[in-house]
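Colleague: here's my sequence, what's the structure:
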Amino acid sequence: MILGRRFQRTHLYAAIFLLLGLFLIFAASNRHEPGEVTRFSFGVGKQALRLDLPVGRTLLAIGVFYVLTALLVLSGVLKRIAIGFLILSAVLIFPTILVAAAAGKQTNVLTMLAESLRLATPIALGALAGIWSERAGVVNIAIEGMMLSGAAFGFTAFFFLGNAGMPNNQALFISVIVAVLVGGLMALLHGWLSITFRTDQIVSGTVINILAIGVTSFIRREYLLSTRAGRVTLPAIEIPVLSQIPIVGPVLFDNKPIFYSMFILLALTHFVLFYTVWGLRTRAVGEHPEAADTVGIDVIRVRYVNVVISGLIAGLAGAWFSLETVGGFDDLMTNGKGFIALAAMIFGKWTPIGSFGAAMLFGFAEALGTRFQILQVPIPSQFLQILPYVVTMIVLAGLIGRAVPPAADGKPYEKRA
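Modeller: I've put the predicted structure just below:
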């Protein structure tokens with residue numbers, strides 16, 4: 001049965017790429033001038049690498065590749081090679097769109113990559129938050145509310161500390177801590193409802209999201225709306241030597257603190273979950289809490305600790321919005337990133353590395369929409385703004401295959417006497 005579903009899914013993708021390939025061949029033959037090129041640059045100044053791609057020929061080549069890949073998959077021969085080509089076809093979708101959109105113009109790939117990484121930061125942090133909670137068996141759809149609360153209380157703390165005369169850098173540092181702690185408190189509430197009282201975890205998460213919307217809206221209206229605080233954000237930190245590496249240096253090593261924190265937490269989460277005793281206990285509790293309890297693991301304690309850690313990370317993601325990027329707070333400024341983070345977590349199969357890759361996909365989709373506006377692509381801005389959410393729906397609708405969560409995810413546990 002599973003093989004049958006996989007067969008049907010693979011052939012469906014092949015049919016889609018066959019149609020897409022035929023469309024690209026038609027577009028290359030009819031829509032672009034023979035000499036029209038898309039100019040890609042990698043870097044800035046004289047050291048920048050440049051690549052000129054003839055639009056018509058590039059689209060034609062990719063279209064032919066799509067058609068051949070689809071025919072290879074549908075034929076049923078060389079299955080492993082065919083699946084590899086199918087994955088490569090999916091990877092080529094965004095570059096293909098960019099080649100067509102930037103026809104006759106120049107676009108900087110390096111700045112787009114940097115923007116993708118920056119926009120992926122809160123999504124990756126939210127996905128890590130979800131992993132910590134769900135690996136212990138607690139569904140956490142309240143990440144959005146924890147992010148929003150962290151963003152609001154973090155900026156509110158910065159506003160009052162600034163009014164008290166504290167220097168901006170010190171106030172920003174303390175405000176980030178406040179945002180993290182508020183996220184942890186919201187997570188503690190989620191744990192109290194779903195672990196202690198065994199409330200349905202989806203309901204508990206929804207309640208926290210609604211609570212966060214109401215509380216943060218009240219704070220903005222009563223304390224922040226009439227302020228004229230400057231748009232001060234966390235300063236960029238340039239790492240000596242590494243920031244001078246051509247091409248990748250400015251992208252990875254000349255950024256702001258929460259951006260670096262995301263990579264640190266990514267590595268730390270992977271190490272703790274798969275190479276430490278605590279990670280083993282967490283995974284045991286998430287898969288079979290009764291068996292874990294039998295061997296002496298305190299299931300309730302493990303779940304509480306992991307849920308609170310989840311909230312702390314979500315609070316840091318919230319600080320990214322108000323303290324690292326915008327320098328202010330607006331209602332619903334997280335804009336659904338907590339839910340996209342959950343999609344990234346599912347796409348990444350509840351693993352840190354996979355979730356980061358998914359976050360990069362969503363970050364690139366958002367950066368692509370922004371780049372389309374810069375290139376003045378004749379598409380309404382409203383459609384470009386929904387691009388990340390469309391990608392989310394496509395991913396969840398079937399591209400991720402069969403995502404299997406931890407066996408006890410979402411199931412309350414009651415210790416037996």
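
Colleague: what packs against the longest helix along the chain?
Modeller: The longest helix of the chain (DSSP state H) is helix 2-30. If contacts are counted by 3 or more CB pairs under 8 Å, 6 or more residues apart in numbering; DSSP states H and E, helix 2-30 sits against helix 55-75, helix 79-91. (Glycine included, C-beta is placed from N, CA and C.)

Colleague: list the buried residues of the shortest one.
Modeller: So the one you mean is helix 79-91. By 16 or more other CB atoms under 10 Å, the buried positions in helix 79-91 come out as 82, 85-86, 89.

Colleague: about what we covered before: tell me the mean pLDDT for the longest helix of the chain?
Modeller: Per-residue pLDDT over helix 2-30 has a mean of 78.

Colleague: got the angle for the next helix or strand after that helix vs helix 55-75?
Modeller: Downstream of helix 2-30, the first helix or strand assigned by DSSP states H and E is strand 37-42. Taking axes from the mean of the first three to the mean of the last three CA atoms, to 10 degrees, one finds that strand 37-42 is oriented at 80 degrees with respect to helix 55-75.

Colleague: tell me the pLDDT at the closest residue in space to residue 35 that isn't next to it in sequence?
Modeller: Excluding its sequence neighbours, the residue lying closest to residue 35 (CB to CB, 6 or more residues apart in numbering) is residue 54, at 7.5 Å. pLDDT for residue 54: 89.

Colleague: likewise residue 361?
Modeller: Listed pLDDT for residue 361 reads 88.

Colleague: how many residues are close by it?
Modeller: 22 (other CB atoms under 10 Å).

Colleague: work out for me the element it sits within.
Modeller: With DSSP H and E as the test, residue 361 turns up in helix 352-374.

Colleague: which other helices and strands contact that helix?
Modeller: With contacts taken as 3+ CB pairs under 8 Å, 6+ apart, helix 352-374 sits against helix 93-101, helix 109-134, helix 257-275, helix 337-347, helix 381-385, helix 387-394.

Colleague: nearest to residue 233, of those?
Modeller: helix 257-275 (10.2 Å; CB to CB).

Colleague: burial count for residue 267?
Modeller: Counted with other CB under 10 Å, residue 267 comes out at 12.

Colleague: and the helix holding residue 361, how far out from the chain's middle?
Modeller: 7 Å (CA atoms, centre = their mean, to the nearest Å).

Colleague: do stretch 338-355 as well
Modeller: Worked out by CA atoms, centre = their mean, stretch 338-355 lies 7 Å from the chain centre.

Colleague: likewise for stretch 287-305?
Modeller: Taking mean C-alpha positions (CA atoms, centre = their mean), stretch 287-305 and its chain are 29 Å apart.

Colleague: where does the stretch 151-300 of the chain have low pLDDT?
Modeller: 227-230 (pLDDT under 70).

Colleague: ignoring the adjacent residues along the chain, who's closest to residue 62?
Modeller: Per CB to CB, 6+ apart, closest to residue 62 is residue 96, 5.3 Å.

Colleague: count the neighbours of the one you found for me.
Modeller: Residues lying near residue 96 (other CB under 10 Å) number 18.

Colleague: relative to residue 59, how far out is it?
Modeller: From residue 96 over to residue 59 the distance is 7 Å, taken as CB to CB, to the nearest Å.

Colleague: now the common contact residues for the two.
Modeller: Listed contacts common to residue 96 and residue 59 are residue 24; contacts here mean CB atoms under 8 Å, 6 or more residues apart in numbering.

Colleague: what's the pLDDT at residue 100?
Modeller: Model confidence at residue 100, given as pLDDT, is 86.

Colleague: hmm, it is touching residue 55, no?
Modeller: Yes - counting by CB atoms under 8 Å, residue 100 does reach residue 55; the two are 6.8 Å apart.

Colleague: so between those two, which is more surrounded?
Modeller: Higher neighbour count among residue 100 and residue 55: residue 55, with 22 against 19, using other CB under 10 Å.
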